[in-house]
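> Sharing a model that was predicted from the sequence below.
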Amino acid sequence: MKKAILPIWIMAALLIASSPAEAKIFKKKAKKAQTEKVEKPAPQNGLKPYSQVITDKARSTHGFLTVHKVANNYFIEIPDSMLGRNILIVNRISKAPASRQKSRVGYPGDIIGSKVVRFETGTENNLLVREISYRERSADKEGMYQSVLNSNIQPIVASFKLESVRKDSLHRSYVFNIGTYLKKENPLFTFEKGDKDYIGLQALNAEASYVDTLKAFPQNIEISNVMTYSRKKAEGAGFLETGSSDIPLTYELNSSLVLLPETPMKSRLFDPRVGYFTVRYTDFDSNPQGIEYKQLITRWRLEPKDEAAYLRGELVEPKKPIVIYIDPATPKKWVPYLIQGVNDWQVAFEKAGFKNAIYAQEAPTDDPSWSLEDARHSAIVYKPSDIPNASGPHINDPRTGEILETHINWYHNVMSLLRNWYMIQAGTIDEAARKMQFDDELMGQLIRFVSSHEVGHTLGLRHNFGSSHTVPVEKLRDKAWVEANGHTPSIMDYARFNYVAQPEDSITRKGIFPRIGIYDKWAIEWGYRWLPRFKTPEEETDYSNSSIIAKLNEDIRYTFGTESDPNDPRNQSEDLGDDSMLASAYGIKNLKRIVPQIEKWSHEPNKSYAGAAEIYTQVINQLARYMGHVAKNVAGIYSTPITVEQANAVAREFVPADIQRRAVAFLNEQLFTTPTWLIDRDLIAKARILPVNAICSLQSNILTRLLNKNTFDKMSENEALNGKQAYTASQLFADLHTTIWNNPSRSDIFRRNMQKAYIKDLIGLLDKAQEEAAEKANRRLSYSESPAIARGELIALQRIVKSAAAQTTGIAKSHYENLQALIEDALSNK
């Protein structure tokens, strides 16, 4: 890390007074300081009198540090009370370049780095800044503690020459000039080198970059930098837009310097059966013969006002509630729904013993001392952006996991995403969803649901993709049950709306919309219940484990399923119910009802058919989700975190063979047999949709998910462990042949596309292709039977395509001859 950056935040701290009252107090202090006798350092030490450095023309602001601007120079003044204190730096993108590839260059609100630093005095009149890591810890101050310290010297990331030292009878403060650093790129407050290389950022253009704002608050300093970079070839594949390599990229970056609490919060250890974000570290104490890798959950510090009443089981208000303000820039008609989305979490905190623990309110507009950037204020920040998204990041103390503040990003165009989701997933059961412009009440309720989801993240909760799988599919059509319980037990799932429900079920929005459910209430209770009888996180372990096991035994809906398991079909985004095939079949029934209505539902006077084309694309996307949900069952593996106390539980098992066969049969019926219901000739003529391309692409993508190294490796392992009970690669090929390779005379463009994709997927698995891929990725080729499996299937197909070429004419004959040549070339390693 380079030292230039520290100066920026410091100057940020003092340029603008936090309030008129604080400014008045500061002026009095400054006047008093001028009348005090300042100790002048001896000339040989290089220090100047304070009044010669910070003149009466200085513009100063102060928070926990003081920033002075004198002419064109910036100075930081650090009181000795701040030396050695932990300061958290968090860097975010506040505005991203005008680029079509926002996912590459970064969305506004994205965090691009964080670190903890400390100031300390050095030698020769300089001030040092160390970056502090809490990744390795020891509480044993007699033994391992010193060894860990000796093995982990914290790096010095900046060194600043002191300009002056101010003293009074009680305190001392240190002043240094950071002006020269502010004219350079500051890695501490900008992109890491790896991110710059990936994006393709090169030299900083100082002429097109500047510090926009600097603000100081009691607990934080905010810096806004506009930074313009020239471009180079990016490491991210396909990153640069066509013809844009000479166009620079300009970012507005926000850096927050947050003073961490002097008394750390008591932590809580993470358990993989309850989904929380975490901070990780290596513990050198817990295991007397080794180490342990530990994780602490991130959560707000909630402590009861009346401790005795809390311990009696009464609902008690916290000493400091979680208050989330609504950005004054938010359109007024959506404010009540955003507030309700926050307040909906109160019922969850009541399970943890707290009342009024969380609530939202509009930000004050008549208080000049209130600022959205103040770290004491959490907020839902409205962004007038075309990004169809929302996000709920939070800043936490890396020592303990304590959440300090949150800025939920609410992008205006998320409403287009909500409209598309709701129209496609609920349009057949809610008449209000059958138009391009929803009424305010419906859109407001959609906003409320997304607000609640993002607030859940800011409370520390991760996505629970396994939640929806705990509900039997047929319950989603049971009006009484689903309206009473909701279609998923967790709002933290990506289970948007009840697409399983059919028109004849007469289910209302209570059974369509997500809500804070049984899992969410339990997760908050587990993470936030105040447990003073345990002095350390480790002492809570027995209690935590037994309470989790009790809940799981009580109701399967308390299950957490991670969002990061690529093999477990129970943990999927955008899915519903415990049976992917059945749920998807119901979903397709509704899609078939929608396609004939697209022209009617998208009709807007004096507009083109662009809306119809957009809805059609959303139908294709929804169908693709269903197919992906089903495909994940093939070679799937159930993974369940357990402890030794769960003697009857299983941590890892393969998806049963009959479920895998059902999945392939579903794909054969619903996708590999051409879904002609997607071909609407009126839409093709009017909206210029391209169903052939869409169908071919979807078929090819699902085939690639089935015919790949990962699939065959898992099947080989399953067969080795379970023998005839396993669903094997040869059985998969036999099942796929029934629709893709039988009856050559039924050749059409869709079938020919699938056959070509099928063979190319297999060719890509041969030894030579695998070796080249491994070499390109700079890794060793791991043991795998997939090349042998692929070769055996290609040899079998060689006979099939040769016979098919002899039986057909025209384009079909040429197609099979081409496939024959592809196989021959691949098998001969040409």
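Received, thanks. Residues are numbered from 1 along each chain as shown.

> the helices in the stretch 301-450 of the chain, which residues?
For the stretch 301-450 of the chain, the helices defined by DSSP state H, counting those that start in this stretch occupy 307-311, 335-343, 346-351, 414-426, 440-458.

> closest to Asp505 out of those?
Among the helices of the stretch 301-450 of the chain, the nearest to Asp505 by Cβ to Cβ is helix 414-426 (11.9 Å). (C-beta placed from N, C-alpha, C; glycine too.)

> What helices and strands are in contact with the closest one?
Counting contacts by 3 or more Cβ pairs under 8 Å, 6 or more residues apart in numbering; DSSP states H and E, helix 414-426 packs against helix 440-458, helix 580-594, helix 610-631.

> re earlier: for the helices of the stretch 301-450 of the chain, please prepare a markdown table with the additional fields distance to Ser730 and mean pLDDT.
A markdown table is the format used below for the helices of the stretch 301-450 of the chain (distance: least, Cβ to Cβ, whole Å; pLDDT from 0 to 100):
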| stretch | distance to Ser730 | mean pLDDT |
| --- | --- | --- |
| helix 307-311 | 62 | 98 |
| helix 335-343 | 51 | 97 |
| helix 346-351 | 50 | 98 |
| helix 414-426 | 38 | 96 |
| helix 440-458 | 44 | 96 |
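
> Select, out of these, the one closest to Phe654.
The closest of those to Phe654 is helix 414-426. By Cβ to Cβ, the value is 31.0 Å.

> on that earlier part again, mind putting the helices and strands packed on helix 414-426 in a markdown table, mean neighbour count and distance to Arg137 included?
Shown next, in a markdown table, are the helices and strands packed on helix 414-426 (neighbours: other Cβ atoms under 10 Å; distance: least, Cβ to Cβ, whole Å):
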| stretch | mean neighbour count | distance to Arg137 |
| --- | --- | --- |
| helix 440-458 | 21 | 26 |
| helix 580-594 | 20 | 43 |
| helix 610-631 | 21 | 41 |
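
> Can you add distance to Ala806 and give these back as a markdown table?
Output for the helices and strands packed on helix 414-426, formatted as a markdown table (distance: least, Cβ to Cβ, whole Å):
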| stretch | distance to Ala806 |
| --- | --- |
| helix 440-458 | 58 |
| helix 580-594 | 37 |
| helix 610-631 | 33 |
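
> For Leu732, find the nearest of the ones you listed.
Comparing the helices and strands packed on helix 414-426 against Leu732 with Cβ to Cβ, the closest turns out to be helix 610-631 (11.4 Å).

> distance between the closest one and the chain's centre?
Taking Cα atoms, centre = their mean, to the nearest Å, the mean C-alpha location of helix 610-631 is offset from the chain mean by 23 Å.

> pLDDT on it, on average?
The pLDDT scores in helix 610-631 average 97.

> Repeat that for stretch 677-696.
Stretch 677-696 carries an average pLDDT of 94.

> With stretch 172-184 instead?
82.

> Can we start the residue count at 25 from this point?
New numbering, starting at 25: the last item is stretch 196-208.

> Can you give me the end-to-end span of it?
30 Å (Cα to Cα, to the nearest Å).
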